[in-house]
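Novice: Everything below, folded, please.
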Amino acid sequence: MLKYSWVERKLNRKFLLGNAMGILLSSLVFLLLYLGMYREKLAGERSDAASQVNQLLESSLKNAMLKRDLDGLQHIVEKLGEQEEIRNVMIVNPEGEVRFSSTGSLLGREFDTQNDETCRVCHLSGEDTTTAFITNELGQSVLRSVNPVRNEPECIACHGTISDHPVNGVLFVDYDAAPIKESARRAAVVLIGAGVCVLLIVLTGGWWFMQRFVLQPVHKLHRASKAISVGTLSERVSIPGRDELAQLGRCFNGMAESLEQTLTVLGEKEQFLQGLVDATPDGLRVIDDSYNIVLVNEAYRRQLGLSKTPAVGVPCYSSSHGRQEPCVPTLVTCPLHDIREHRVPVKCVHQHKRIDGSLFDVEVYAAPLQVKDGEQVQHFIVESIRDLESAVQFSHEQKLSELGRLAAGVAHEIYNPLTSIRLSLDAILRLQSPEDRHHSQTADYLMLVDQEINRCIEITGRLLKLSTYSGTEQQVVSLNRAVAETLSLLEWDAIEGSIIIEQQLDASEPRVLASESNLRMAVLNLIQNAFHAMPQGGRLMLTTLRQDGFVDIVVSDTGAGIAAEDLVQIFHPFFSRRADGEHGTGLGLSISRANVERDGGKISVDSEPGKGSSFTISYPDPDYEAGNEPGDGE
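Specialist: Residues are numbered from 1 along each chain as shown. Below is the predicted model:
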């Protein structure tokens, strides 16, 4: 079945059909009005003629009635009925009986003067004479003239008073309707012929007008629009004249030229943007809210080996993870899922899969992006992807992560046996007899073992806190305890490195609002960096204090110090320059600063080459902000 009808495909067909229908309807209305008026005029003319005849006949009838010449009256009626255009003449008395008729079969017939159409019209109108086209009693199509014969003073003797008998009878004269209808039919044919001629002239002129002044310009506009839609931006349209379509053509050309210039500028900006994105050394991709990749750079293609494989328009989990469905957020950090939940940037470590199936570790930094499209806002995320294997074989963060997992595993493995040993020792102490001569010495040894076991359990607890997943949730952290417990994990390293440790912890027990795991890892990293700066031994000072609405952790050493030109780079990723000659990954300080800043803190450094360095971690003091004086904490 065709989608559009024959008429709907062409504008000129619609125009012609509309004009034709309008002219036909107008002609039909005028024809009906003309025929009605024509027939009414003919009937009126016949009625006037009939009135004159009726007056003459009525005078003759009255004369015959006064003389009581009924035969003469019948003769007059018959003679009148013999006229060429008259089909029947009859007189009906007030009781409805046909007393006289030019057609003998109608004599004596009862005539319903109350319900007959012509009589009813006469009664309703109150006129003396009325005419109407009807089919008479003989089945003939006639124009009937109805004339009531009024009672007059000279007739009172026979018919009674005028008030009681106003009408002595009704005269019916039926004229042949065929000549009238034939005349009307000829007039209708002439009108129809004239209407057809007018219709043809109007439609021909309308078709030429539509072709010349409407369809040809519209066809030019359509052809130019189609060319522009397929990319031929140089296409223009030429419509002569000054009418509306010519003005539309000039506006179209201006629009096309503006569009060409705009698209050229947009193309140049798009090339610049793609060039800028491709210049980024890390892999970069933009993902929409439906997991589909909308933009990538060349580094991302190189990372996955997508030189010939499409990278745009495919799901992110399929492109980089080789999956058929989105990653499970509870098993792996999904940047899109986390950003949907919190609308903050996300940093995580993933394993990506190359096109050849090999896996490699990457560091992903994802940030939200909002783009307004009309009245709607589209949400995207931008991922910066760093290939950790190509940047550094084992990053500091990977080491800390492995240390955390190892510490958690070791702590869990040691904690249960130590607990069992402790329970056994308690049972031995309870079962030992006081009479045993070695009772006192044995009890001392068992108490020593119990103390050492408590110490091991305490250390495993500290390792567990250090290895806890940081996430994004903050909590109230006791600063002195976190610093002391973290430092206790490095006491053996300090002894081996001939490093003396001093602690000055604020007696007011300061607290901060932060991720405890992030805080402990930052302190651990600063202490390890201080050890690296003192390869020949030295002194480490660890201080906590409150001042000016902040809580500070100060890690000072007497090591080699940091050169002035290196101070501006030490927090940059992958920058490393250790005094012990080892080559580090250069990620420790950058990761520590990111973790501290995520919790609202900051890290600063003060160093003098040859004398040592001092790193300060500062957090807002929650007790100070709440209006509490220092020392009013727990």
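Novice: in the stretch 251-400 of the chain, which spans are strands?
Specialist: 283-288, 293-296, 346-353, 359-373, 376-387 (DSSP state E, counting those that start in this stretch).
Novice: between those strands, which gets nearest to residue 148?
Specialist: The closest approach between residue 148 and any of these, judged by CB to CB, belongs to strand 376-387 at 85.2 Å. Glycine gets a C-beta too; all of them are placed from N, C-alpha and C.
Novice: Starting from the closest one, tell me which strands it pairs with and how they run.
Specialist: Strand 376-387 has its sheet partners listed here by DSSP bridges as strand 283-288 (antiparallel), strand 359-373 (antiparallel).
Novice: Can you tell me which of the strands of the stretch 251-400 of the chain is most buried?
Specialist: For those, ranked by mean neighbour count under the definition mean count of other CB atoms under 10 Å, the leader is strand 283-288 at a mean of 21.
Novice: thinking again about what came up before, wait, which of the strands of the stretch 251-400 of the chain is closest to residue 163?
Specialist: Distances from residue 163 to each of those were compared by CB to CB, and the smallest falls on strand 376-387, at 91.8 Å.
Novice: Same list (the strands paired with strand 376-387) but as JSON lines, adding distance to residue 481 and mean pLDDT.
Specialist: Below are these laid out as JSON lines (distance: least, CB to CB, whole Å; pLDDT from 0 to 100):
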{"stretch": "strand 283-288", "distance to residue 481": "42", "mean pLDDT": "92"}
{"stretch": "strand 359-373", "distance to residue 481": "31", "mean pLDDT": "86"}
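Novice: which one of these lies closest to residue 170?
Specialist: That would be strand 359-373 among the strands paired with strand 376-387, by CB to CB, at 88.3 Å.
Novice: Residue 513 in helix, strand or coil?
Specialist: The three-state label given to residue 513 by DSSP: H, G, I helix; E, B strand; the rest coil is strand.
Novice: go on, residue 234?
Specialist: The three-state label for residue 234, taken from three-state DSSP, comes out as coil.
Novice: For it, which residues are in contact?
Specialist: If you count contacts by CB atoms under 8 Å, 6 or more residues apart in numbering, residue 234 has them with residue 260.
Novice: Surely residue 474 touches residue 515?
Specialist: Yes. If you go by CB atoms under 8 Å, residue 474 and residue 515 touch, sitting 5.9 Å apart.
Novice: Those two: who's more crowded?
Specialist: For residue 474 versus residue 515, neighbours defined as other CB atoms under 10 Å are more numerous around residue 515 (22 against 16).
Novice: Wasn't residue 237 part of a helix?
Specialist: No. Per three-state DSSP, residue 237 lies outside any helix segment and is coil.
Novice: Can you check the pLDDT for the closest residue to it other than its chain neighbours?
Specialist: When the adjacent residues along the chain are set aside, residue 237 lies closest to residue 224, with 4.3 Å between them (CB to CB, 6 or more residues apart in numbering). According to the per-residue confidence, residue 224 scores 83 in pLDDT.
Novice: Might you report the residue contacts of residue 224?
Specialist: For residue 224, the residues meeting the contact criterion (CB under 8 Å, 6+ apart) are 235-237, 252, 256.
Novice: please redo it, this time with the cut-off set to 10 Å
Specialist: 232, 235-238, 249, 252-253, 256 (CB atoms under 10 Å, 6 or more residues apart in numbering).
Novice: could you redo those as CSV and give each row distance to residue 284?
Specialist: Below are these laid out as CSV (distance: CB to CB, whole Å):
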residue, distance to residue 284
232, 34
235, 37
236, 40
237, 43
238, 47
249, 46
252, 40
253, 41
256, 35
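Novice: and which of the residues you listed is nearest residue 568?
Specialist: Comparing every one of these with residue 568 (CB to CB), the shortest separation belongs to residue 256, at 53.8 Å.
Novice: And that closest one, how far from residue 533?
Specialist: Computed as CB to CB, to the nearest Å, the residue 256 to residue 533 distance reads 69 Å.
Novice: next one: residue 368
Specialist: Counting by CB to CB - residue 368 and residue 533 are separated by 39 Å.
Novice: same deal with residue 372?
Specialist: When CB to CB is applied, the distance between residue 372 and residue 533 equals 51 Å.
Novice: Repeat that for residue 565.
Specialist: 17 Å.
Novice: Looking at the two now, which is surrounded by more residues?
Specialist: Under the neighbour definition other CB under 10 Å, residue 565 and residue 533 were set side by side, and residue 533 has more, 21 against 7.
Novice: Phi, psi for that one please.
Specialist: When read as degrees, to the nearest 10, the backbone of residue 533 gives phi -80, psi -10.
Novice: which residues of the stretch 201-350 of the chain fall in helices?
Specialist: Chain-ordered helices for the stretch 201-350 of the chain, with DSSP state H, counting those that start in this stretch as the definition, fall at 216-229, 244-279, 298-304, 316-321, 335-342.
Novice: contacting residues around the third one?
Specialist: Taking CB under 10 Å, 6+ apart as the criterion, the residues outside helix 298-304 that touch it are 274-275, 277-285, 293, 296-297, 306-309, 311, 319-320, 322, 352-356, 360, 362, 383-387, 390.
Novice: same thing but at 8 Å, please
Specialist: Defining contact as CB under 8 Å, 6+ apart, one finds that helix 298-304 is touched by 278, 280-285, 306-307, 311, 319-320, 352-355, 360, 362, 385, 387.
Novice: buried stuff in that helix?
Specialist: Going by neighbour count (16 or more other CB atoms under 10 Å), the buried part of helix 298-304 is 298-301, 303-304.
Novice: so can I have CSV of those residues showing distance to residue 170 and pLDDT?
Specialist: CSV is the format used below for those (distance: CB to CB, whole Å; pLDDT from 0 to 100):
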residue, distance to residue 170, pLDDT
298, 112, 89
299, 114, 88
300, 110, 90
301, 110, 89
303, 114, 88
304, 111, 89
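Novice: if we take the residues you listed, which one ends up nearest to residue 521?
Specialist: Scanning the buried residues of helix 298-304 for proximity to residue 521, where the rule is CB to CB, the winner is residue 303, at 27.9 Å.
Novice: gap between that closest one and residue 347?
Specialist: Between residue 303 and residue 347 the distance, using CB to CB, works out to 18 Å.
Novice: what do you get for residue 285?
Specialist: As defined by CB to CB, residue 285 lies at a distance of 16 Å from residue 347.
Novice: Same check on residue 273?
Specialist: Spatial separation of residue 273 from residue 347 under the definition CB to CB is 25 Å.
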